[in-house]
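with the input below, show me the fold.
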Amino acid sequence: MKKQRLNIRRFSIATIALTSFFGAQRVFTEFKLQNLTRERSHAAALPQFQNAQDREIWMSAAQKRNRRFAQLWLERQQRDISTELLDYVDDPALVLRTRAVRALGRLESREAEAPLQTLLAQAADSQVKSHEAELPSITLKLALARIKARSLTGQSKLDAISDSVGLSWREILLLSNKVNADNGYKDATDGEEIIGEIVALLYTMGKEGEDIRSFATALKLSPAQEVLIQAASISTEQEIKLILERLSHPKGTRGGAYLLADHLVGLGPIAIDLALERLQDMLKHPENYQQQLGYKMMFRPVSLAADRRALPLLQQFEKSKNPYIKDQAITAQRYIKRKIAIPNFPA
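Below you'll find the predicted structure:
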C-alpha cells in the first residue's frame with residue numbers, strides 16, 4: 001500500500017513538473033511571437049540635409065538608383081545580376097540596401113554569402129555606428145539562411161529558414177496566425193517580414209516543381225499571399241491573368257493589392273501588355289468593374305512601368321464622372337510622364 005502511494009506521489013510530482021515545463025514553454029513561445037509582431041523602431045531612412053537644395057539633389061540621385069535597381073531585378077531571368085546587386089548593399093539609401101539584401105537572398109546568391117555574413121556581424125555589434133548597422137538583422141538572417149539552404153528542399157529548407165530567426169516550423173505557423181489574424185495590412189514588423197519570406201520561398205519552391213500544398217494550407221495567409229501561393233503552380237501567363245483579376249476586383253485584398261501590383265510588374269513586359277488589355281476592357285465594360293479601388297490598382301502597374309502606351313487610356317479614364325477614378329487617372333499620368341513611381345522589388 002505504501003509502495004502504491006509512493007508511486008502515485010511520484011506520478012503526481014512528475015505530472016506537475018511536466019505541466020509546469022510545457023506551460024513555461026507556451027509562455028516563452030508567446031513572448032517570442034509577441035516581440036516579433038511589435039512595430040519596428042525605424043532608423044532614420046534619410047540623412048540630415050543642410051538645406052532643401054541638398055535634399056532635392058540627394059532624392060533625385062536616389063530615385064535614379066532606385067529605377068536602375070528595379071530594371072536590374074527585371075533582368076534576373078536573363079542573366080546573373082548578383083555582382084551588381086552587391087553594389088547596392090552599400091547604397092546611401094537604407095531602403096535600397098534592404099531591398100538588395102532581400103534580393104540576394106531570394107536569388108540564393110552564393111557569392112553574397114560572405115559579404116552578408118560580415119554585415120550581420122556588424123549589425124550585431126552595438127559599437128558599429130556606420131549605416132550598415134541600420135539594416136534590419138531579420139532581413140540579413142533570412143537572406144543568409146536562404147543562401148545557405150540553397151541545396152535543400154521541402155521541410156528541410158523551411159526548417160533552415162525558420163531556425164535562422166530562432167523559430168521552429170510550429171512557431172512559424174503560430175506566427176502566421178498572429179501576423180495575418182485580420183487579413184489586414186500592417187506596419188512593418190519582424191513577424192510580417194518572416195512570414196513574407198516564407199511565402200516567397202514557397203512560391204519559388206512551387207515554381208521549381210515542388211509540392212507546397214501541405215505547407216501552404218498549414219499557414220494562415222493573407223488574401224494576397226493566397227494568390228501568390230496559387231500562382232506558384234501555374235504558368236506565367238495564367239499567373240498574370242489571375243493577378244489582374246484580383247487587382248481589378250480587389251475585394252478583401254486591401255493593402256495586399258500593392259504587393260500583387262509590384263509582383264505583377266516583376267513578371268516582365270508581358271504583364272504590362274496584359275494590363276493594358278485589361279484597362280481597355282475596363283473602358284469598354286465599366287459595368288463589370290464596380291470597385292473604385294480596382295481602378296487605382298489597375299493604374300498602378302502601368303505607372304510603375306512608366307509605360308507611355310497607357311497615357312491615351314488614362315486620358316479617357318480622366319473623363320470619368322467618378323471623381324475618384326478621375327483623380328487616380330490624373331495621378332497615374334503624372335507618374336508615367338515624370339517616371340516617379342518605382343516598384344518595390346523584390347515584392
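
low-confidence bits of the stretch 201-347 of the chain, can you list those?
By pLDDT under 70, the low-scoring segments of the stretch 201-347 of the chain are 252-255.

if you set the cut-off to 80 instead, what comes out?
Low-confidence segments of the stretch 201-347 of the chain (pLDDT under 80): 251-255, 347.

tell me where it has helices.
213-218, 223-231, 236-248, 256-265, 269-284, 292-304, 311-317, 323-338 (DSSP state H, counting those that start in this stretch).

the ones you listed into CSV, with extra columns for mean neighbour count?
C-betas here are computed from N, CA, C, even on glycine. Listed next are those as CSV, based on neighbours: other Cβ atoms under 10 Å:
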stretch, mean neighbour count
helix 213-218, 14
helix 223-231, 22
helix 236-248, 19
helix 256-265, 24
helix 269-284, 16
helix 292-304, 24
helix 311-317, 16
helix 323-338, 17
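
need the ones you listed in CSV (columns: distance to G166).
Formatted as CSV, these follow (distance: least, Cβ to Cβ, whole Å):
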stretch, distance to G166
helix 213-218, 20
helix 223-231, 22
helix 236-248, 33
helix 256-265, 26
helix 269-284, 37
helix 292-304, 35
helix 311-317, 48
helix 323-338, 41
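
quick check: which of these is nearest to I57?
For I57, the closest of the helices of the stretch 201-347 of the chain is helix 323-338, at 16.8 Å, according to Cβ to Cβ.

name the residues that touch the closest one?
Residues from elsewhere that reach helix 323-338, judged by Cβ atoms under 8 Å, 6 or more residues apart in numbering: 292, 295-296, 299-300, 302-303, 306-308, 310-311, 314-315, 317-320, 340-341.

next one: it to chain centre, how far?
Taking Cα atoms, centre = their mean, to the nearest Å, one finds helix 323-338 lying 26 Å from the centre of the chain it belongs to.

repeat that for stretch 48-57.
On Cα atoms, centre = their mean, the centre of stretch 48-57 falls 31 Å from that of its chain.

how about it: buried residues?
Under the neighbour-count criterion of 16 or more other Cβ atoms under 10 Å, stretch 48-57 has nothing buried.

with just CA atoms, put it into CSV.
What follows is stretch 48-57 as a C-alpha-only set of coordinates in CSV (Å, rounded to 0.1, in the frame of the first residue of the first chain):
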residue,chain,number,x,y,z
GLN,A,48,20.1,65.2,-42.4
PHE,A,49,20.3,67.9,-45.0
GLN,A,50,21.7,71.4,-44.7
ASN,A,51,19.0,72.9,-47.0
ALA,A,52,16.2,72.0,-49.4
GLN,A,53,18.5,72.0,-52.4
ASP,A,54,20.8,69.4,-50.9
ARG,A,55,17.8,67.2,-50.1
GLU,A,56,16.4,67.6,-53.7
ILE,A,57,19.8,66.6,-55.1
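
pLDDT of that stretch, averaged?
Stretch 48-57 shows a mean pLDDT of 87.

for A257, what are its contacts?
By Cβ under 8 Å, 6+ apart, the contact list for A257 reads A224, R246, L247, P250, L293, M297.

before we move on, the earlier item: E39 is nearest to which of the helices of the stretch 201-347 of the chain?
Across the helices of the stretch 201-347 of the chain, E39 has its closest neighbour in helix 256-265 (18.1 Å, Cβ to Cβ).

got the angle between the closest one and helix 223-231?
Relative orientation of helix 256-265 versus helix 223-231 (axes from the mean of the first three to the mean of the last three Cα atoms, to 10 degrees): 30 degrees.

what's the angle between helix 256-265 and helix 292-304?
Relative orientation of helix 256-265 versus helix 292-304 (the same axes, to 10 degrees): 30 degrees.

what residues does stretch 234-253 touch?
183, 223-224, 227, 230-231, 257, 260-261, 263-264, 267-268, 270-271, 274-275, 278, 282, 289, 291, 293-294, 297-298, 300-301.
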